[in-house]
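*Asks:* Could you work out the structure for the sequence below:
(2 chains)
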Number of protein chains: 2
Amino acid sequence: MVHFAEQRSAPYSMIDRKHAVFTQVNNVVGTLNVLFGIREFLPDCHLIKLGTMGEYGTPNIDIEEGYIIVEHNGRKDVLPFPKQPGSFYHLSKVHDSHNMMFACKIWGLRATDLNQGVVYGTMTDETALDEALINRFDYDDVFGTVLNRFCVQTAIGQPLTVYGKGGQTRGFLDIRDTVRCIEIACHNPAARGECRVYNQFTEQFSVLDLAHLVESSARKLGLAVEIDHIPDPRVEAEQHYYNAKHSKLIDLGLQPHHLSDSLLESLTNIAMKYRDRVDASLMLPQVNWREPKNDRRMQMSMPSRSSAPEQRADLAASAGAKAKKG
Amino acid sequence: MVHFAEQRSAPYSMIDRKHAVFTQVNNVVGTLNVLFGIREFLPDCHLIKLGTMGEYGTPNIDIEEGYIIVEHNGRKDVLPFPKQPGSFYHLSKVHDSHNMMFACKIWGLRATDLNQGVVYGTMTDETALDEALINRFDYDDVFGTVLNRFCVQTAIGQPLTVYGKGGQTRGFLDIRDTVRCIEIACHNPAARGECRVYNQFTEQFSVLDLAHLVESSARKLGLAVEIDHIPDPRVEAEQHYYNAKHSKLIDLGLQPHHLSDSLLESLTNIAMKYRDRVDASLMLPQVNWREPKNDRRMQMSMPSRSSAPEQRADLAASAGAKAKKG
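*Replies:* Below you'll find the model as predicted:
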């Protein structure tokens, strides 16, 4: 069983109390239901569950894959890696991980927790076969991921919005590797009672690294790009040590698609192709981690170059509906 | 604010899916609501929250108070102590702890997490003033704690039921120290942004240690006691290393009431005084950690020596109502 059915946005979970509670109840209870369902009806089933690299936070030591050998006062044990998640969403994944480890232990279930990094890209070989199979391309402040947003900002001539210094470093992976990792986990099931953790990413970048990569790729396409540093709406270290292990999926055969100029060009070209559909007002962060309540009014400070007002209103409404549904 | 308002029983959380989900939603959402409430209405308020020593599980290293210095590959950090809780209830407390640490970090809240051991005793100086102030004395398999149950079993002439080998070692404390620890935490508030963790217990015992202590204390009262080893309904190590630090509350002035013959005699005497009210059928464990669904039928295999059938029916009904309410 592949379980990806969770509220997936950190900013969404930080909007206010209601969104935080919804995120944790939806994700934690959903996973509890899955665990009880497997135990009761199909105890030999291998559960593959989407976690996140964000469960670890940014400790000042190397991040291992799920577990760490701790030596302390002359004794030693293998323990779950300490978690320091950075949003109520990331916390929900930490809660899931603890619940899963326990269920594997008491019931002998098989599970793989895929601690995924930040995904970029929109296409796999399969979705590229026909435009009807086109994938969603989230770029807004709540559901978008950073590299996708930068490419869309490039396409509509908006400065890239780097949060704070931009030294925030994370693990990233191509959407094609995401799909391949799930396949690899399926073909190599965990043992009975084993709760296996894989760190699912292929490269580390800081946010500012990515901004510069997009900038130089855009230049080749003849596009000028500005980089804006805006106040970080999140509470996170803007400069920090980061070295996360990610060899287990490679050992099982993952051949990473590294972030290349051609991928960046292709992403920017997709954004260019559909730029009339972009709502430029959805780019700036509207959720501040420091506030217990955030009003997500539509921002109109940086209008798109091209979209007509009625199109923008449609998209804003659909983004609102999406946020409520998420 | 002192927040003790949680579902507090491990066996209750292990009855079935419904009870597991209720426990986690009740505890996690309750604490989220408290955190948002403090942030919005009284951000300087000091939150004192009841955690449990059971959050740590039984690692093969010394247990520190909430955080541990980890050295790894030549680097070092202070990290949350890795958690290996042993029930869906204990997991709910781990989830709370992660949520609290995060709220303190992003909002600058003040919090103290009291990781409490197993409480024994029923009276404080205040409740002893008048019989009308008498405290509850839970001894049943779901809400009772082990030492209280052993004293009640002694009073009604039932063998003490030790789960498995009885080598399960935990931190324990006298109910009078519980109350004092809360007072100490109140008088010494955490700093803004600090999520402080105290291990709140005074002595370590194994379950078999306790059975022998009750046995020898009972002998002095002229009572014969048998010790039965029954299959452990929980999934836990029956022999293990256990050394948990608990100096922070002592440093702040806690003067422990250690478990003494006189306390054991007083507990057994209270159980003797009210033994006509004991329902002997509630002693044996009815919740098996290995099963995803447990039917909690009333057990009548070991009837009390003294209670009349109609009294027993009342108590069974009220225990049932209690379980539903918990």
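
*Asks:* Excluding residues flanking it in the chain, which one is nearest A:Asp295?
*Replies:* In space, and not counting its chain neighbours, A:Asp295 is closest to A:Gln286: 7.8 Å by C-beta to C-beta, 6 or more residues apart in numbering or on different chains. Using the backbone N, CA and C atoms, a C-beta is placed for each residue, glycine as well.

*Asks:* next one: A:Thr52
*Replies:* Using C-beta to C-beta, 6+ apart and skipping residues adjacent in sequence, the residue nearest A:Thr52 is A:Lys93, 5.0 Å away.

*Asks:* Average pLDDT for the host helix or strand of the one you found, rounded please.
*Replies:* Assigned by DSSP states H and E, A:Lys93 belongs to helix A:88-107. Taken as a whole, helix A:88-107 carries a mean pLDDT of 98.

*Asks:* by how many degrees do it and helix B:88-107 diverge?
*Replies:* Relative orientation of helix A:88-107 versus helix B:88-107 (axes from the mean of the first three to the mean of the last three C-alpha atoms, to 10 degrees): 160 degrees.

*Asks:* quick one on the thing from earlier: now the residue nearest to A:Asp295. Its backbone dihedrals?
*Replies:* Main-chain dihedrals, A:Gln286, degrees, to the nearest 10: phi -120, psi 0.

*Asks:* What of A:Lys293?
*Replies:* Recorded main-chain torsions at A:Lys293 are phi -140, psi 130, according to degrees, to the nearest 10.

*Asks:* For it, give me its contacts.
*Replies:* With contacts taken as C-beta atoms under 8 Å, 6 or more residues apart in numbering or on different chains, A:Lys293 has the following neighbours: A:Ile15, A:Asp16, A:Arg17, B:Glu40.

*Asks:* can you rerun that using 7 Å?
*Replies:* Going by C-beta atoms under 7 Å, 6 or more residues apart in numbering or on different chains, A:Lys293 touches A:Asp16.

*Asks:* for it, which residues make a bridge with it?
*Replies:* When assigned by DSSP bridges, A:Lys293 has beta-bridge partners A:Asp16.

*Asks:* From A:Met14, how far off is it?
*Replies:* 10 Å (C-beta to C-beta, to the nearest Å).

*Asks:* again, but for A:Pro233
*Replies:* Going from A:Pro233 to A:Met14 by C-beta to C-beta gives 9 Å.

*Asks:* The two: which has the busier surroundings?
*Replies:* A:Met14 (26 against 20; other C-beta atoms under 10 Å in any protein chain shown).

*Asks:* Wait, A:His72 touches B:Ile61, no?
*Replies:* Yes. Using C-beta atoms under 7 Å, A:His72 makes contact with B:Ile61 at a distance of 4.2 Å.

*Asks:* Let me see the contact set for A:Gly117.
*Replies:* A:Met53, A:Arg170, A:Gly171, A:Phe172, A:Leu173, A:Gln200, A:Phe201.

*Asks:* For those residues, work out which two are farthest apart.
*Replies:* A:Arg170 and A:Gln200 (12.4 Å; C-beta to C-beta).

*Asks:* Mind checking which of those two has more residues around it?
*Replies:* Using other C-beta under 10 Å as the criterion, A:Arg170 and A:Gln200 rank with A:Gln200 on top: 30 against 20.

*Asks:* Which residues are in contact with that one?
*Replies:* A:Leu114, A:Asn115, A:Gln116, A:Gly117, A:Leu173, A:Cys181, A:Leu249.

*Asks:* what sits opposite the third one in the beta ladder?
*Replies:* As for beta bridges, A:Gln116 partners with A:Thr52, A:Gln200 under DSSP bridges.

*Asks:* need the contact list for it.
*Replies:* Taking C-beta under 7 Å, 6+ apart, we find A:Gln116 in contact with A:Leu50, A:Gly51, A:Thr52, A:Met53, A:Thr178, A:Gln200, A:Phe201.

*Asks:* cool, the fifth one as well?
*Replies:* Residues near A:Leu173 by C-beta under 7 Å, 6+ apart: A:Gly117, A:Val119, A:Gln200, A:Phe201, A:Thr202.

*Asks:* Which SSE is immediately downstream of the helix or strand where it lies?
*Replies:* In the assignment (DSSP H and E), A:Leu173 maps to strand A:169-174. Going down the chain from strand A:169-174, the next helix or strand is helix A:175-187, by DSSP H and E.

*Asks:* report the angle between the axes of that following helix and strand A:169-174?
*Replies:* Using the same axes, to 10 degrees: helix A:175-187 against strand A:169-174 is 80 degrees.

*Asks:* What residues does the stretch 1-150 of chain A have near chain B?
*Replies:* Residues of the stretch 1-150 of chain A that fall close to chain B, judged by C-beta under 7 Å from any C-beta of the partner chain: A:17, A:20-21, A:24-25, A:28-29, A:32-33, A:36, A:39-40, A:59-62, A:68, A:70, A:72-73, A:75-77, A:79-80, A:82-85, A:91, A:94-95, A:98-99, A:102, A:105-107.

*Asks:* likewise the stretch 201-326 of chain A?
*Replies:* Residues of the stretch 201-326 of chain A lying near chain B by C-beta under 7 Å from any C-beta: A:Val235, A:Trp289, A:Arg290, A:Pro292.

*Asks:* Name the residues that touch stretch A:141-151?
*Replies:* The contact list for stretch A:141-151, computed with C-beta under 7 Å, 6+ apart, reads A:9, A:11-12, A:118-120, A:137-139, A:160, A:207, A:210-211, A:214, A:267-268, A:271, A:282-287, A:322-323, A:326.

*Asks:* End to end on it, go ahead and measure it.
*Replies:* Across its full length, stretch A:141-151 reaches 14 Å between end residues, using C-alpha to C-alpha, to the nearest Å.
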